[in-house]
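> The following comprises the amino acid sequence and a computationally predicted model.
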Amino acid sequence: MSGYTEKMRDIARRLLETGAVDMVIGFRKGSLPMMNEPCFVTRADDAHCLVWDGHCGINLANYLTDRKEKIAVFAKGCDARNMVTHVIENKIKREQLHIVGVPCTGMIDKRKISAMTKGEVLAVTETDDAVTVTTAGGDQRFDRADVMQQNCALCVHRNPVIYDDLLADPVTEQTIPDRYADIRKIEAMDAASKWQFFEDLLAPCIRCYACRNACPLCYCPTCFVDEAKPQWVGKGQDATDIRTFHFLRAFHCAGRCTDCGACERACPMGINMRLLTRKLEKDCQSEFGWEAGMDPNQRPALDVYKTNDPETFIK
Amino acid sequence: MTLITLDTKSWAAGLTAAADAYRLFGPVREDACHTFKALEKGKTPDLDMVNTRLSPKALIFPQSDIILEYSLDESREDHHIMREVQKDVTPRAVVGIRPCDAKATALVKLNFDAPDVKDPYWLAAYEATTFVGVACDAPLSTCFCTTAGCGPYSEEGLDILVMQKGDGFLAKILTDKGRAFAKAAGWNPASGDLAAFEAGKAAAEKKMVSAVQTDHLEAADLLALHNAPFWEKTAFACLNCGTCTFSCPTCWCFDLQDEVAGKSGVRLKNWDSCMFPIFTVHTTGHNPRETKVQRVRQRFMHKLKYFVDKYKTGIMCVGCGRCVRQCPVNIDIRKVCEEMNRFNPADACAVRD
């Protein structure tokens, strides 16, 4: 992905100068290592602040919801699938978007890097296959593959499915023999162990809702956990309320989730709530042959009724 | 002020002895991070930490605290009468709290222990607690306590300040509570080298690489700052999650909730966050801060302007850097503070966006 930044700035400049779009949504360099900040640019002169590297894991489709402008937006494979979903679900019009596709080779997992590094991470530089971490004690070098976000390591749609410009030649798609080994392990547990597993998984949750808010699918004007008249869920730290939030949110994302990993990346407590959404992703694939966001002309699996539905209860 | 020199043995033995009279809390390593927890018997706090992921504010201001209970069973004489929940308010000590978090407790006290209004739940927990702080000799690049009215050796809010010195410790007893704790620990005021303390302080302050400037905040026109043009850009990336407010040691907002199961009910005091869309929504349905930009502005205006104007004790931030490190989209209070501090309404008119 080296060299993407310059191309992005050129495209942004051109689109803003010609008035093709009102704004460009991308990333600007963060104030600390491994962090970039989603930003918008409205003047060609400001296009120079746009950057791209392995720390652009936040899903920019999240910033398009209900916007009225004509927008150019940078989209990794997963982001583009969420943009398809956004268009299908009427959260933005396709005509409003100038999608600049970003063939992606995976985002870097900041937590993995911090855990593998001794001392505070002061800087991180990357090449196509290596990541170098600078600390007060010196440099440490990692293979990029070893410090990738798990969702990126499992990704089979690195190239955007829709775009108006493509930033670079498509990258080779990964072949993953088994994307769901960890899910199968949970499926195989008995009920009691499963319950314990989920309890442990969600125990650190502080209900900050960073997972929900980083998710482009979670655009409900009032989320069910925020309903007050009547109130649906308790707002304290009761384990049942916390589980209700996570389980229901996952189900609400069934057939729509692209496993972009924004939820897990955003979580300040490092909870892998993707174990819930990926189970549903797996079921949608095996039951309906469905992958979310691949085709703007097809509605999500749980959003359609077909007269030839094999289930009798629905007829 | 009394100084005490301790070797590691008398530190550990002292804490074991103090545990007879105090419930001890301190930083404990869990997975990749440190958390403040009750210390198991004979365990010393893990001081090999930079700081905890969440602040220790929850020890006094729990995220979800049952304060009252009641019964709806009308066959009972006391039905529909709120009863205070009995809490353990026997003496306890937080050992290993950082000076930034201790100073934060002093700031939060301004709210829960105001001259006209007192929060009995917060105060009971606070008064039962002795704060044994450990000075911070290895600040992170995101720490900016020295310019946030605090410092790596700041004493405000502490009963004892301990510095790690060679193989041992040097403890400074600051209050009566601190004296009582030292006595329970069997730490005898004997010798102490104040110069060593000052040298440690100077060395630690020198390591601080991050700073904020706050000198113009108080003089700034409140409405002009409120209407400043930069808020839309500042707020754009924000997800409106509660990470910053929940990890902040000075954020004190809470929400009261009643939860009823069958015939028995409880009243809860839960952390709230000004980032949430339903924060302070009125019963009429009116939302005073309908949009994300308004909510983000509220957070920073509260910390860096309203608080400054109201209490005249500086900003409502101790520079612990947690929100900077944990914000999922890199909203950085240091940058926002800079923007607010240098804001000049006259310039704003000339700027295009």
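Good, I have the coordinates. Numbering: from 1, shown residues only, chains lettered A, B, ... in the order given.
> tell me which parts of the stretch 101-250 of chain B are close to chain A?
Listed as neighbours of chain A in the stretch 101-250 of chain B under the rule C-beta under 8 Å from any C-beta of the partner chain: B:140-142, B:233, B:236-237, B:239-243, B:246-247. C-beta coordinates here come from the backbone N, C-alpha and C atoms, glycine included.
> Just the helices from the stretch 51-200 of chain A, written as ranges.
Chain-ordered helices for the stretch 51-200 of chain A, with DSSP state H, counting those that start in this stretch as the definition, fall at A:77-88, A:110-116, A:150-153, A:181-187, A:191-202.
> avg pLDDT for the fourth one?
So the one you mean is helix A:181-187. Mean pLDDT, computed over helix A:181-187, is 97.
> Could you list every helix and strand in contact with that helix?
In this structure, helix A:181-187 makes packing contacts with helix A:274-288, judged by 3 or more C-beta pairs under 8 Å, 6 or more residues apart in numbering or on different chains; DSSP states H and E.
> any idea how far B:Gly96 lies from chain A?
B:Gly96 sits 19 Å away from chain A, going by C-beta to the nearest C-beta, to the nearest Å.
> Check B:Met340 too.
16 Å.
> Not counting sequence-adjacent ones, nearest residue to that residue?
Leaving aside its sequence neighbours, B:Met340 sits nearest to B:Leu304 (C-beta to C-beta, 6 or more residues apart in numbering or on different chains; 5.6 Å).
> what about that neighbour, neighbour count?
B:Leu304 has 25 neighbouring residues, counting by other C-beta atoms under 10 Å in any protein chain shown.
> cool, the one 10 residues further on as well?
Here the number of neighbours of B:Gly314 (other C-beta under 10 Å) works out to 18.
> And for the one 10 residues further on?
The tally of other residues near B:Val324 (other C-beta under 10 Å) stands at 25.
> Now do the contacts for it.
Applying C-beta atoms under 8 Å, 6 or more residues apart in numbering or on different chains to B:Val324 gives the contacts A:31-32, B:142, B:332-334.
> Show the pLDDT at it.
97.
> what do you get for B:Ala182?
Looking at B:Ala182, its pLDDT is 96.
> State the three-state secondary structure for it.
Of the three states, B:Ala182 takes helix under DSSP: H, G, I helix; E, B strand; the rest coil.
> Does the residue lying closest to it once chain neighbours are set aside have any beta-bridge partners, and if so which?
Nearest non-adjacent residue to B:Ala182, counting by C-beta to C-beta, 6+ apart: B:Ile173, 5.5 Å away. Using DSSP bridges, the bridge partners assigned to B:Ile173 are B:Thr2, B:Ile160.
> Relative to B:Ala12, how far out is B:Ile173?
Separation of B:Ile173 from B:Ala12 (C-beta to C-beta, to the nearest Å) stands at 19 Å.
> again, but for A:Cys56
47 Å.
> Just want to know which of these two has more residues nearby.
Taking other C-beta under 10 Å, A:Cys56 and B:Ala12 do not tie; A:Cys56 has more neighbours (22 against 14).
> who in the stretch 251-353 of chain B is up against chain A?
So the stretch 251-353 of chain B meets chain A at B:255, B:257, B:259, B:268, B:270, B:273, B:276-278, B:281, B:324-326, B:328-332, B:334-335, B:352-353 (C-beta under 8 Å from any C-beta).
> Which residue is the nearest non-sequential neighbour of A:Arg67?
Nearest non-adjacent residue to A:Arg67 (C-beta to C-beta, 6+ apart): A:Ile92, at 6.4 Å.
> which residues in the stretch 201-350 of chain B form strands?
B:254-261, B:264-271 (DSSP state E, counting those that start in this stretch).
> The ones you listed into CSV, with extra columns for mean pLDDT and mean neighbour count?
Shown next, in CSV, are the strands of the stretch 201-350 of chain B (pLDDT from 0 to 100; neighbours: other C-beta atoms under 10 Å in any protein chain shown):
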stretch, mean pLDDT, mean neighbour count
strand B:254-261, 95, 14
strand B:264-271, 97, 18
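> okay, now the closest residue to B:Lys201 other than its chain neighbours: neighbour count?
Using C-beta to C-beta, 6+ apart and skipping residues adjacent in sequence, the residue nearest B:Lys201 is B:Tyr153, 3.9 Å away. Neighbour count for B:Tyr153, taken as other C-beta under 10 Å: 24.
> and B:Tyr153, what does it touch?
B:99, B:135-136, B:161, B:163, B:197, B:200-201, B:204-205.
> Quick one: buried ones out of those residues?
Applying 16 or more other C-beta atoms under 10 Å in any protein chain shown to the contacts of B:Tyr153, the neighbour count classes B:99, B:135-136, B:161, B:163, B:197, B:200-201, B:204 as buried.
> Any residues of the stretch 101-250 of chain A in contact with chain B? List them.
With C-beta under 8 Å from any C-beta as the criterion, the stretch 101-250 of chain A meets chain B at residues A:111, A:114-115, A:120, A:122, A:206-210, A:212-214, A:222, A:226, A:228, A:234-238.
> picking up where we left off before, any chance of the helices of the stretch 51-200 of chain A in JSON lines, plus mean neighbour count?
Output for the helices of the stretch 51-200 of chain A, formatted as JSON lines (neighbours: other C-beta atoms under 10 Å in any protein chain shown):
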{"stretch": "helix A:77-88", "mean neighbour count": "25"}
{"stretch": "helix A:110-116", "mean neighbour count": "16"}
{"stretch": "helix A:150-153", "mean neighbour count": "20"}
{"stretch": "helix A:181-187", "mean neighbour count": "14"}
{"stretch": "helix A:191-202", "mean neighbour count": "13"}
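> can you tell me how far B:Thr214 sits from B:Thr130?
Distance of B:Thr214 to B:Thr130, given as C-beta to C-beta: 31 Å.
> hmm, back to that, show the contacting residues for the residue nearest to B:Ala182.
B:1-4, B:159-160, B:179, B:182, B:189.
> mind listing the helices in the stretch 201-315 of chain A by residue range?
A:210-214, A:239-252, A:262-266, A:274-288.
> which other residues reach the third one?
Read it as helix A:262-266. By C-beta under 8 Å, 6+ apart, helix A:262-266 touches A:57-59, A:62, A:107, A:110, A:149-151, A:210-216, A:270-274, A:277, B:239, B:241, B:243, B:328-329.
> 7 Å instead?
Helix A:262-266 is contacted by residues A:57-59, A:62, A:149, A:210-211, A:214-215, A:272-274, B:239, B:241, B:328 when judged by C-beta atoms under 7 Å, 6 or more residues apart in numbering or on different chains.
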